[in-house]
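Chemist: Everything below, folded, please.
(2 chains)
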There are 2 protein chains.
Amino acid sequence: MKAERRMVTIGEISLRSDYTLGHGVLLSEHAESERQLTLYVGAGEFVAIAKEKGLAESKRPLTHETYLGILEKLDIDFLRVEIFAMRENTYYAKIVFRRLGEEHMIDSRPSDAIALALNRKIPVLVNEDLLRPVVSEADVKEYQTFIKQAQFKPE
Amino acid sequence: MKAERRMVTIGEISLRSDYTLGHGVLLSEHAESERQLTLYVGAGEFVAIAKEKGLAESKRPLTHETYLGILEKLDIDFLRVEIFAMRENTYYAKIVFRRLGEEHMIDSRPSDAIALALNRKIPVLVNEDLLRPVVSEADVKEYQTFIKQAQFKPE
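Modeler: The predicted structure follows:
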């Protein structure tokens, strides 16, 4: 029997670039959530998501915009995207769409799924098990102080 | 009256990365052509084209592969891509496809058009006016020697 996975609807998608960690996409239920999923994505995927959020511009269509332009002419409804698993440090997502009354899904990287969801204004769902507690600046400072003061006794 | 543009069918697509110039995609009629079009593309677009040529791998689907996966389920025939103009240092391309007997085209960056063409094994056409003479290593050396030896007489 397959266990029921609880999927959480994402209400807040924010972006953060860090010189050492790279381009992060932060997903949470809402702005004050205490749990989030942080995805690290490539530069191109980061720009695609930033553009969908109105934070970046490009004179020419990006890859997903070109393909969504083709799909616009076809009878297809995008329903939702789901980030459902993480295996070997890789997150897995799927795009769910309907055509001629039938539901289909296709394998996707989370970054592509998020850019599509923002473009088509459809929900982003995340497996609850993938959410992690948000670590505040204060938490980090406290941890660093603890580490400095810790005494390690040799056996 | 609109002038007729001669479109050349590309038979050779090669890749070259240069630390200062970036990622280049070289298009020519055939391997021995004396004219070519060099496009500089982003890192993600370069990987997409390299993967289509079997020169790169990725465990997860790239953006164009995800969308082509969706389009596979729909009645759509990709016919050809055309790189037809350059304005303000930006090259313009279009993707031509057929659906229900009707031909459509959509605006695209050349890099997306090339990755799609390689994936779908359809022709890449380039406006002949965009091709430039191939400059050989010997040409560059000769030019450098000429510059060094040149005598400039003040008037």
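Chemist: name the helices or strands packed onto whichever strand or helix holds A:L15?
Modeler: Under the criterion of DSSP states H and E, A:L15 resides in strand A:12-18. Helices and strands touching strand A:12-18, as assessed by 3 or more Cβ pairs under 8 Å, 6 or more residues apart in numbering or on different chains; DSSP states H and E, comprise strand A:22-28, helix A:43-52. For the C-beta atoms, the positions are set from N, CA and C on the backbone; glycine is no exception.
Chemist: tell me the most buried of these?
Modeler: Each of those was scored by mean neighbour count; the highest is helix A:43-52, a mean of 21, by mean count of other Cβ atoms under 10 Å in any protein chain shown.
Chemist: ok, is that helix in contact with chain B or not?
Modeler: Yes - Helix A:43-52 reaches chain B (Cβ under 8 Å from any Cβ of the partner chain) through A:43-45, A:48.
Chemist: out of these, who's nearest chain B?
Modeler: A:G44 (3.3 Å; Cβ to the nearest Cβ).
Chemist: The strand holding A:L15: partners in the sheet, and parallel or antiparallel?
Modeler: Paired strands of strand A:12-18, with direction, are strand A:22-28 (antiparallel) (DSSP bridges).
Chemist: The helices and strands packed on strand A:12-18: which one's closest to A:Y91?
Modeler: Ranking the helices and strands packed on strand A:12-18 by proximity to A:Y91 (Cβ to Cβ) places strand A:22-28 first, at 10.4 Å.
Chemist: Please name every helix or strand in contact with the helix or strand containing A:L116.
Modeler: Of the helices and strands defined by DSSP H and E, A:L116 is found in helix A:110-120. In terms of contacts (3+ Cβ pairs under 8 Å, 6+ apart), helix A:110-120 is packed against strand A:22-28, strand A:35-41, helix A:43-52, helix A:63-72, strand A:77-87, strand A:90-99, strand A:124-127.
Chemist: Give me every residue in chain A lying close to chain B.
Modeler: Residues of chain A lying close to chain B (Cβ under 8 Å from any Cβ) are A:42-45, A:48, A:59-64, A:66-71, A:73-74, A:76, A:90, A:95, A:97, A:99, A:104, A:106-109, A:112.
Chemist: buried subset of the residues you listed?
Modeler: Burial by neighbour count, 16 or more other Cβ atoms under 10 Å in any protein chain shown: within the residues of chain A next to chain B this picks out A:42, A:44-45, A:48, A:60-64, A:66-68, A:70-71, A:76, A:95, A:97, A:104, A:106, A:108-109, A:112.
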